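Engineer: model the structure of this input:
(2 chains)
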2 protein chains.
Amino acid sequence: MLYLIGIGIGNEKGLTLEGAEALKKCKIVFLEDYTNLVEKETVTGIEKIAGRKVEILGREAVEGEKKILQAAEKEKTALLVSGDPLIATTHVSLVLSARKKGIWVKIIHASSILSCAIGESGLQAYKFGKSVTLAGWSRGYEPKDAYFVIEENKKRGLHTLVFLDIKEGKCMEAKEAVELLEETERRKKKGVIASETQMVAISSLGRKEQKISFGEIEKLKKAELGKSPSILIFPAKLHFLEEEWLNYFKL
Amino acid sequence: MLYLIGIGIGNEKGLTLEGAEALKKCKIVFLEDYTNLVEKETVTGIEKIAGRKVEILGREAVEGEKKILQAAEKEKTALLVSGDPLIATTHVSLVLSARKKGIWVKIIHASSILSCAIGESGLQAYKFGKSVTLAGWSRGYEPKDAYFVIEENKKRGLHTLVFLDIKEGKCMEAKEAVELLEETERRKKKGVIASETQMVAISSLGRKEQKISFGEIEKLKKAELGKSPSILIFPAKLHFLEEEWLNYFKL
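Structural biologist: Okay, here's the model as predicted:
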């Protein structure tokens, strides 16, 4: 039996009552923290709730699947995932493999960065277009998708949610993301990103250090935007209620 | 003090540990069930957790705000909301009013239909375009936005999440929604909806009766799609993993 349990945003208190109940029943508890980083104190909190040790799994173990499936074939096994467990493709793939092996899978949802970032921004959910992940650049790999997605959405009057990449346990900082977008602007010159472009930066979503900043890029670049992980939102034209909400966080 | 607490999808066990803790501290507990219907047994379950009666508020009371703000000025007050509390504009407006009155507001997130429907469909989150609510038709009011949003997203290779309207405590049925889209097709003739168009219907998301159906509209129209509330997804071109996942629910 495999329980795929979302921890939700924030700490272990983002577990649902159903998730906590299931967790207590499990003999083996895994946690993956590479699709979204999990704080040490959260792991300790989860161990208290579970009443047993939590084993942290890296990308290889989760994507390799073998360890998880072998455990789930024998015992009630939990795989804890930050946020909602089905938003990352990795876990969709794991569930498919489990089903093929005839392992019963129970998915327990939780709050997701996707809906929470939209909620905290006060922007209307149906006004978001396609979202995108901004990946870091390395020699020969300089993806510009985020820039084009923002452009396309803006043209249609839609907001864009930009997730920032996690690499080797390090989250991209909001300022690094802005620099990459500005560098793309210098090369592509489509007028998508300018110093007066308005942007929302949400840092440490769901944690006590949560910080939301809103304003022109020029101002955000000079400000303290809070601790990563961060998310950027590029809003299209604002409805007055959206503007009133965001002005609360205006720099 | 106002606690805006998400119940999450499903029943009261979708409350987070943080939400349940806050709920127990509140002297006054309201619940609104017009943005998303809440089952009677869920209300009973919440009353057990809260240790007190829950007062159900209709649209007028929540949008009028007076009753909630007056309570929150005096006592620790909870407003429970199905799903995540900040996805409906109504609650954004309530938080703004509370802040103006100097009332301290704590938002407690939970799983949202937005992220859960995407998750359960197995479709990749970043491949969704703008989402839309399909409203019921009445004399002189025959909104066709959903049809055009599906068209626009499909052109760009993006999936569309279609929420179905709730009116006077009644959710639109999946089949009624399909009929409205087909009627729009007959009038607009843009080739967006045809009998061989593929569609995902998710009914009773997060409840024990949850049912997912996938296939051509022609087949879904003849099948039992489960109990409302329902959500429709019109997928664009499928990635092989997405297809493998959906085939599990194929009619």
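Engineer: show me chain A divided up by domain.
Structural biologist: Chain A breaks down into these domains under automatic domain parsing: A:2-111, A:114-247.
Engineer: tabulate the ones you listed (JSON lines), appending mean neighbour count and distance to chain B.
Structural biologist: Where C-beta positions appear, they are placed from N, C-alpha and C, glycine not excepted. What follows is the domains of chain A, written out as JSON lines (neighbours: other CB atoms under 10 Å in any protein chain shown; distance: least, CB to the nearest CB, whole Å):
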{"stretch": "domain A:2-111", "mean neighbour count": "20", "distance to chain B": "3"}
{"stretch": "domain A:114-247", "mean neighbour count": "19", "distance to chain B": "3"}
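Engineer: can you pull out the helices in the stretch 101-250 of chain A?
Structural biologist: Counting by DSSP state H, counting those that start in this stretch, the stretch 101-250 of chain A has helices at residues A:113-121, A:145-155, A:174-188, A:217-222, A:240-247.
Engineer: now those helices as a markdown table including mean pLDDT?
Structural biologist: A markdown table is the format used below for the helices of the stretch 101-250 of chain A (pLDDT from 0 to 100):
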| stretch | mean pLDDT |
| --- | --- |
| helix A:113-121 | 96 |
| helix A:145-155 | 97 |
| helix A:174-188 | 96 |
| helix A:217-222 | 96 |
| helix A:240-247 | 96 |
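Engineer: out of those, nearest to residue B:124?
Structural biologist: Closest of those to residue B:124 is helix A:113-121, at 11.8 Å (criterion: CB to CB).
Engineer: could you name the helices and strands sitting against that closest one?
Structural biologist: Contacts defined by 3 or more CB pairs under 8 Å, 6 or more residues apart in numbering or on different chains; DSSP states H and E place helix A:113-121 against strand A:160-164, strand A:198-203, strand A:230-234, helix B:113-121.
Engineer: just want the angle from the longest one to strand B:230-234.
Structural biologist: By that I understand helix B:113-121. Inter-element angle recorded for helix B:113-121 and strand B:230-234: 60 degrees (by axes from the mean of the first three to the mean of the last three CA atoms, to 10 degrees).
Engineer: cool, the third one as well?
Structural biologist: Inter-element angle recorded for strand A:230-234 and strand B:230-234: 70 degrees (by the same axes, to 10 degrees).
Engineer: residues contacting the residue nearest to residue A:34 when sequence neighbours are not counted?
Structural biologist: The shortest distance from residue A:34 to any non-neighbouring residue, by CB to CB, 6 or more residues apart in numbering or on different chains, is to residue A:59 (4.7 Å). Contacts for residue A:59 (CB atoms under 8 Å, 6 or more residues apart in numbering or on different chains) come out as A:32, A:34, A:90.
Engineer: ditto for residue A:11
Structural biologist: Contacts of residue A:11 (CB under 8 Å, 6+ apart): A:39, A:41-42, A:45, A:206-207.
Engineer: picking that back up, columns distance to residue B:251 on top of the helices of the stretch 101-250 of chain A, output as a markdown table?
Structural biologist: Conversion of the helices of the stretch 101-250 of chain A to a markdown table gives the following (distance: least, CB to CB, whole Å):
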| stretch | distance to residue B:251 |
| --- | --- |
| helix A:113-121 | 28 |
| helix A:145-155 | 33 |
| helix A:174-188 | 43 |
| helix A:217-222 | 49 |
| helix A:240-247 | 40 |
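Engineer: of these, which is nearest residue A:163?
Structural biologist: helix A:113-121 (7.6 Å).
Engineer: who's in contact with that closest one?
Structural biologist: Residues beyond helix A:113-121 that count as contacts (CB under 8 Å, 6+ apart) turn out to be A:9, A:36, A:83-84, A:87, A:125, A:128, A:131, A:159, A:161, A:163, A:200, A:202, A:205-206, A:210, A:212, A:231, A:233, A:235, A:245-246, B:84-87, B:107, B:109, B:111-112, B:114-115, B:118, B:125.
Engineer: which helix or strand in chain A has the lowest average pLDDT?
Structural biologist: Counting by mean pLDDT, DSSP states H and E, chain A has its least confident helix or strand at strand A:166-167, which shows a mean of 82.
Engineer: just say helix, strand or coil for the nearest residue to residue A:55 once chain neighbours are set aside.
Structural biologist: Residue nearest to residue A:55 in three dimensions, not counting chain neighbours: residue A:30, with 5.3 Å by CB to CB, 6+ apart. Counting by DSSP: H, G, I helix; E, B strand; the rest coil, the backbone at residue A:30 sits in strand.
Engineer: residue A:30 and residue B:115: what is the separation?
Structural biologist: According to CB to CB, to the nearest Å, residue A:30 and residue B:115 sit 22 Å apart.
Engineer: one more: residue A:114?
Structural biologist: Applying CB to CB to residue A:114 and residue B:115 gives a distance of 5 Å.
Engineer: same deal with residue A:140?
Structural biologist: Distance from residue A:140 to residue B:115, by CB to CB: 34 Å.
Engineer: repeat that for residue A:166.
Structural biologist: In terms of CB to CB, residue A:166 sits 18 Å off from residue B:115.
Engineer: same deal with residue A:197?
Structural biologist: 27 Å.
Engineer: redo the contacts of residue A:11 as a markdown table? Include pLDDT and distance to residue B:181.
Structural biologist: Formatted as a markdown table, the contacts of residue A:11 follow (pLDDT from 0 to 100; distance: CB to CB, whole Å):
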| residue | pLDDT | distance to residue B:181 |
| --- | --- | --- |
| A:39 | 90 | 45 |
| A:41 | 95 | 49 |
| A:42 | 96 | 44 |
| A:45 | 98 | 46 |
| A:206 | 91 | 37 |
| A:207 | 91 | 42 |
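Engineer: now do the nearest residue to residue A:202 once chain neighbours are set aside, the pLDDT please.
Structural biologist: The shortest distance from residue A:202 to any residue other than its chain neighbours is 4.8 Å, reached at residue A:231 (CB to CB, 6+ apart). Residue A:231 is assigned a predicted lDDT (pLDDT) of 97.
Engineer: does residue A:231 touch residue A:161 like I think?
Structural biologist: Yes - in this structure, residue A:231 is within contact of residue A:161 by CB atoms under 8 Å, at 6.7 Å.
Engineer: now do stretch A:54-66, average pLDDT.
Structural biologist: If you average the pLDDT over stretch A:54-66, you get 93.
Engineer: residue A:167: what's it in contact with?
Structural biologist: With CB under 8 Å, 6+ apart, residue A:167 has these contacts: residue A:136.
Engineer: who is it paired with across the strands?
Structural biologist: Judged by DSSP bridges, the bridge partners of residue A:167 are residue A:170.
Engineer: could you find the closest non-adjacent residue to residue A:188?
Structural biologist: residue A:147 (6.4 Å).
Engineer: ok, the one you found touching residue A:183?
Structural biologist: No - if you go by CB under 8 Å, residue A:147 and residue A:183 don't touch, sitting 9.5 Å apart.
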